[in-house]
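Engineer: All I have is the shape, not the residue letters:
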């Protein structure tokens, strides 16, 4: 053995001893998956339509409904954590890869009954309370996009993996928060109870506001969000189970094809909603940019309160609501026409721009030490 090789071996041995001393003998640990028999028993127990499941789901539905009505994000998050709806969904995913007909049917019954229960509780609660106002937390769950599908896909993979590793079982609470199941169903019930007289938190009718046709649209949008989450979770959970050698690919292939086909059906509305979000983003960024570079188009201390985007006959319609100082009201039509042309070029398609503005008198009042007020007045006179 050469001297160089002996020196290399001695150096490697010294480094290994030093590493063990620093880490206390730590070495990478690869946990083995839960045995198939144990996981199967766990999934069956989680999918049984038991009293405890429906009791906790009813409590979660009530908390979510009251939180949505009160516009309380903490209450909604709490409902996500205690809701047990993820368990039978995981049972459905495992049943499909294992081709366990009993587990599949039991999971489907539990999920379907739980869905009806949450919608019914939300509907009755809203009907009894008698409110007809849809706050921001409600409206936020009515326009799912491809981003929501991405969250559901990631959450499905995490949920399936958590169930196969005992050391990280507590992480399922984080998965429940990441992907919403009960809140969208609660919004569905709330939307059905709101009816056509639904109004926004500002007191304007949603139909007149141009955002929704009424409570039915709210219910439809939120239920599409629930279906998006359900499909995404089940599809990726099946893949995670299969890659860990649970079940069989051939038996699960039909179910995967069905879920892929269903995903394709909801892909178009999700993509359109994402496109609308993109257009809103471009409008806001362009407004800020032009305020700095084109004061002849956007000037003063105006403020955009809301932007609504929808497609009508394949054409983008952008509706903007806001406040504009009276001093900046001259040549509004000409400036809006130029802004519309710049926006159409920016997003690469024709745009119809509608602007609802409220002219206001803005008065700036300043208070402070006398010497600072005097300095500010002198500075203002110099600028004039």
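Structural biologist: On my side now, so go ahead. Note that the structure is predicted; figures quoted are calculated from it, not measured.

Engineer: Against which helices or strands is the host helix or strand of residue 121 packed?
Structural biologist: Applying DSSP states H and E as the criterion places residue 121 in helix 101-129. Applying 3 or more C-beta pairs under 8 Å, 6 or more residues apart in numbering; DSSP states H and E, we find helix 101-129 packed against helix 36-47, helix 51-70, helix 86-98, helix 182-194. The way it works is simple: take the backbone N, C-alpha and C, and place the C-beta from them, glycine included.

Engineer: Beyond the helix or strand of the chain with the lowest mean pLDDT, next helix or strand please.
Structural biologist: When the helices and strands of the chain are scored by mean pLDDT, DSSP states H and E, helix 206-209 comes last with a mean of 44. Next in sequence after helix 206-209, counting helices and strands by DSSP H and E, comes helix 215-243.

Engineer: average pLDDT for that following helix?
Structural biologist: Average pLDDT, helix 215-243: 86.

Engineer: elements contacting the very next helix or strand once past that helix?
Structural biologist: Downstream of helix 215-243, the next assigned helix or strand under DSSP H and E is helix 249-293. The helices and strands touching helix 249-293, judged by 3+ C-beta pairs under 8 Å, 6+ apart, are helix 86-98, helix 146-163, helix 215-243, strand 303-312, strand 315-325, helix 332-347.

Engineer: Which strands and helices lie in contact with the first one?
Structural biologist: Using 3+ C-beta pairs under 8 Å, 6+ apart as the contact test, the elements touching helix 86-98 are helix 36-47, helix 101-129, helix 146-163, helix 172-178, helix 215-243, helix 249-293.

Engineer: Next: the fifth one.
Structural biologist: With contacts taken as 3+ C-beta pairs under 8 Å, 6+ apart, strand 315-325 sits against helix 249-293, strand 303-312, helix 332-347, strand 351-360.

Engineer: quick one on the thing from earlier: generate TSV for the helices and strands packed on helix 249-293, with distance to residue 252 and mean neighbour count as supplementary columns.
Structural biologist: Listed next are the helices and strands packed on helix 249-293 as TSV, based on distance: least, C-beta to C-beta, whole Å; neighbours: other C-beta atoms under 10 Å:
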stretch	distance to residue 252	mean neighbour count
helix 86-98	4	26
helix 146-163	13	21
helix 215-243	6	22
strand 303-312	37	14
strand 315-325	41	17
helix 332-347	41	15
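
Engineer: among these, which is nearest residue 34?
Structural biologist: Among these, helix 146-163 comes nearest to residue 34, with 7.4 Å by C-beta to C-beta.

Engineer: what about the spatially most central residue of the chain, distance to residue 275?
Structural biologist: A centroid search over the chain (C-alpha atoms, centre = their mean) returns residue 148, at 4.8 Å, as the residue closest to the centre. According to C-beta to C-beta, to the nearest Å, residue 148 and residue 275 sit 14 Å apart.

Engineer: secondary structure class for residue 33?
Structural biologist: Following DSSP: H, G, I helix; E, B strand; the rest coil, we place residue 33 in the coil state.

Engineer: Could I get the pLDDT score of it?
Structural biologist: The model's pLDDT for residue 33 equals 74.

Engineer: ok, now the one 5 residues further on?
Structural biologist: The pLDDT attached to residue 38 in the predicted structure is 84.

Engineer: mind listing what it touches?
Structural biologist: When contacts are counted by C-beta atoms under 8 Å, 6 or more residues apart in numbering, residue 38 touches no other residue.
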